[in-house]
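**Q** For reference, the sequence and a predicted model appear below.
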Amino acid sequence: MRQRLIGLSVVLIVAIGTLAVVTALLWRYVIAPPVSQAPARAEEGGDLLRYAKYSVETGDLTTDLKDKHYILLNLTIMTDSKKAADALATAMFIVKREVIGVLSEMTSEELLTEQGVAKMEAAVAERLRPYLPEGKILKVATTKKVIQ
């Protein structure tokens, strides 16, 4: 009986040690961001917060996609100056036309993925760039997306 209890204790101690090592490895490499990426993310976030006051919302847009599905979308466009934000707000009909143009070339499956949304946001920023002779678009962020 005593031998069995000692064996069970050893197995339990090894199991707890293994669990602790696995938890530490998961924390270090999966849950916590790598040190090299953390400053870049913080710096990017700081820049975006600084320019958040120069942002323009498109309001809700509803349009059809390439594969005959519909999308309800709201975008926030962040610029680097008040002048650029005012230019976009004044020409909102052009902004909406360009967003609809980008969306009409995409499928619902593309927009269901994070990469597809990022591709759409980059395409919108690229299509709006010629309309801003002064200032530039820092980021296009999707704030609402419903696909039907």
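**A** Good, I have the coordinates.
**Q** OK, contacts around the nearest residue to Ser55 once chain neighbours are set aside?
**A** Nearest residue to Ser55 in three dimensions, chain neighbours excluded: Met78, at 4.6 Å (CB to CB, 6 or more residues apart in numbering). For glycine as for every other residue, the C-beta is placed from the backbone atoms N, C-alpha and C. Residues near Met78 by CB atoms under 8 Å, 6 or more residues apart in numbering: Leu48, Tyr51, Ala52, Tyr54, Ser55, Ile137, Leu138, Lys139, Val140, Ala141.
**Q** Following the chain past the strand or helix carrying Met78, name the next helix or strand.
**A** Using DSSP states H and E, Met78 maps to strand 70-79. The first helix or strand that comes after strand 70-79 along the chain, using DSSP H and E, is helix 82-90.
**Q** by contact count, what packs against that next one?
**A** Judged by 3 or more CB pairs under 8 Å, 6 or more residues apart in numbering; DSSP states H and E, the packing partners of helix 82-90 are strand 55-57, strand 70-79.
**Q** That one: what's the following helix or strand?
**A** Later in the chain than helix 82-90, the nearest helix or strand by DSSP H and E is helix 92-103.
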